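A.B. asks: need a structure here:
(one chain, ligands or ions: 2)
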Amino acid sequence: MSMEDYDYLFKIVLIGNAGVGKTCLVRRFTQLQIWDTAGQERFRSITQSYYRSANALILTYDITCEDSFRCLPEWLREIEQYANNQVVTILVGNKIDLAEKREVLRQRAEDFAEAQSMLYLETSAKESDNVEKLFLDLACELIREA
Ligand code: GDP
Ligand code: MG
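C.D. replies: Ligands and ions are numbered 1, 2, ... in the order given. The predicted structure is shown next:
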């Protein structure tokens, strides 16, 4: 397929702490052009080139890891600094198959997302729960704003 075969081409970038499940999410859904990190987030060395010309960001945390949620403001500062200001951001709480280990209440995450004008969804990359919805909702939002 060449560029001319698409009606739209959007660049979607995944960010969030190491271990939250970004790579697993991408592997579950490969129809859109999605950029995943090569693990640079461990060294906090994701920079401008990664965010450049991204149309959407999937900011991911792990619902069983309070620390990954507490780091979200840091990620938002980075988005502010590097991403273009029309970028669509969706907050994703991943690993809902581990509900018994949940450390971040859904309501808390929803409130945080709403305050930051982000969409919010909870997923399980492991069980493929809500992953298709994540990418379809994002695609709809991108087309709506295009
Ligand atoms: P990344 O560092 O954000 O790219 O995270 P990875 O995709 O490499 O996943 C980190 C670890 O979390 C791996 O051991 C995955 O198997 C596991 N993982 C990812 N998504 C899920 C999920 O939805 N549920 C569960 N239980 N484990 C997951
Ligand atoms: Mg990864």
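A.B. asks: I'd like to know how many residues surround Val88.
C.D. replies: As a burial measure, Val88 scores 19 neighbours (other CB atoms under 10 Å). For every residue, glycine as well, the C-beta is placed using N, CA and C.
A.B. asks: Give me the contacts around stretch 95-111.
C.D. replies: 20-21, 61-66, 69, 91, 93, 120, 122-127, 129-130 (CB atoms under 8 Å, 6 or more residues apart in numbering).
A.B. asks: is it up against ligand 1 anywhere?
C.D. replies: Yes. With CB under 6 Å from any ligand atom as the criterion, ligand 1 is reached by stretch 95-111 at 95, 97-98.
A.B. asks: If any of the residues you listed are buried, put those into a PyMOL selection.
C.D. replies: The PyMOL command for the buried members of the residues of stretch 95-111 next to ligand 1 (criterion: 16 or more other CB atoms under 10 Å) is given here:
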select buried, resi 95+97
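A.B. asks: Quick one: name whatever helix or strand follows the lowest-mean-pLDDT helix or strand in the chain.
C.D. replies: Every helix and strand of the chain was ranked by mean pLDDT, DSSP states H and E. The lowest is strand 34-35, at a mean of 66. For strand 34-35, the succeeding helix or strand toward the C-terminus, using DSSP states H and E, is helix 48-51.
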